[in-house]
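Colleague: sequence first, then the predicted structure:
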Amino acid sequence: MAVLAIALIVQAKWVLNLFAPFMMMLLTPYLHYSSKAKNILLAEGAAEKEGRSVLDENEWILKRDSGFFNEFKFVNHCGEYIGSLRPVNVPRWMYFAGAIINRSEQFFSVAHGIFDSHGRPVTAYRAKKSHKMTTLEIRNEHGVTVGFYEEQRYKSLIKAKGVLMNANREVILEASTSSMAGDFNLTDENDRFFASYRHGFFDYAMAEPFKNDQTTNQLVKVGKDLTRDEKVLLAALICYWMRNIY
């Protein structure tokens with residue numbers, strides 16, 4: 001009997017492993033549209049208040065959305081919705097690919113936009129990948145290129161390592177993560193603080209409205225004396241990194 005029970009358990013696990021990907025494919029559309037519905041409610045609530053974005057805050061709390069693509073919404077330390085990150089101008093066929101392969105948009109040159117709480121664009125970036133280099137072209141809310149991030153791919157297999165530059169390709173910051181979990185503490189050559197993140201550390205875990213939150217919250221702290229363009233560049237860089245690790 002014991003042998004039969006073990007055989008049945010092994011067979012059940014084999015069947016579950018076989019059908020798990022298909023179950024996820026079936027659930028993905030539901031999760032996607034359920035997440036969209038929740039975000040619509042957040043946006044409707046935010047529409048009654050003054051529009052805010054990541055550029056207005058020095059702490060960004062990222063919450064991952066469920067669905068076809070790796071999208072985020074942003075809230076501040078009070079839990080107020082301040083915007084979202086999502087791919088833009090996505091071809092319809094890519095939704096089908098997203099239902100089959102998780103994060104499929106990473107294999108293509110898809111533009112991503114960061115939007116404020118009223119749905120207005122804040123910044124956008126597109127990753128262009130070659131054999132040796134990944135280059136992010138970063139634009140502001142007016143569609144003007146304000147800078148670039150370049151990362152040598154063979155040096156960033158385990159930890160991200162690259163250079164953040166302005167529109168004239170002058171180096172602003174040598175940017176890198178310090179662990180496989182994506183931790184970073186970004187300062188320039190003058191020791192000016194840009195941003196920091198520690199995986200698994202969330203300062204507001206026991207505070208309202210987060211203490212009963214079942215979702216994972218990722219806290220990024222941002223320098224208070226950064227220019228608007230520097231924050232635009234930083235937001236694009238951090239979102240690019242976080243999409244790959246979170």
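Modeller: Cool, got the structure.
Colleague: beyond the helix or strand bottoming out on mean pLDDT in the chain, next helix or strand please.
Modeller: When the helices and strands of the chain are scored by mean pLDDT, DSSP states H and E, helix 2-47 comes last with a mean of 50. Helices and strands here follow DSSP states H and E; after helix 2-47, the next one along the chain is strand 59-64.
Colleague: which parts of that next one are buried?
Modeller: When burial is assessed from 16 or more other CB atoms under 10 Å, strand 59-64 yields the following buried residues: Trp60, Ile61, Leu62, Lys63, Arg64. Quick note: C-beta positions are derived from backbone N, CA and C, even for glycine.
Colleague: reformat these as JSON lines; add distance to Val54 and pLDDT.
Modeller: Output for the buried residues of strand 59-64, formatted as JSON lines (distance: CB to CB, whole Å; pLDDT from 0 to 100):
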{"residue": "Trp60", "distance to Val54": "5", "pLDDT": "97"}
{"residue": "Ile61", "distance to Val54": "10", "pLDDT": "96"}
{"residue": "Leu62", "distance to Val54": "10", "pLDDT": "95"}
{"residue": "Lys63", "distance to Val54": "13", "pLDDT": "91"}
{"residue": "Arg64", "distance to Val54": "16", "pLDDT": "86"}
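Colleague: what sits opposite Ile114 in the beta ladder?
Modeller: Leu85, Thr123 (DSSP bridges).
Colleague: that one: how many residues sit nearby?
Modeller: Using other CB atoms under 10 Å, Ile114 has 24 neighbouring residues.
Colleague: surely it touches Val54?
Modeller: Yes. With contact defined as CB atoms under 8 Å, Ile114 and Val54 form a contacting pair (6.5 Å).
Colleague: which neighbours do these two have in common?
Modeller: Counting by CB atoms under 8 Å, 6 or more residues apart in numbering, the shared contacts of Ile114 and Val54 are Gly83, Val122, Ala235.
Colleague: please identify the helix or strand for the first one.
Modeller: Yep, that's Gly83 we're talking about. With elements taken from DSSP H and E, the one containing Gly83 is strand 81-87.
Colleague: likewise for Tyr240?
Modeller: Element membership of Tyr240 [criterion: DSSP H and E] is helix 228-245.
Colleague: pretty sure Gly79 is touching Asn212, no?
Modeller: No. Using CB under 8 Å, Gly79 is not in contact with Asn212; the gap is 11.3 Å.
Colleague: ok, the nearest residue to Trp60 once chain neighbours are set aside - how many residues close by?
Modeller: The spatially closest residue to Trp60, leaving aside those adjacent along the chain, is Val220, at 4.5 Å (CB to CB, 6 or more residues apart in numbering). Val220: 23 surrounding residues under other CB under 10 Å.
Colleague: cool, and the one 5 residues further on?
Modeller: The local packing count at Asp225 equals 9, with neighbours defined by other CB under 10 Å.
Colleague: that older thread, buried residues in the helix holding Tyr240?
Modeller: Buried residues in helix 228-245 (16+ other CB under 10 Å): 229-243.
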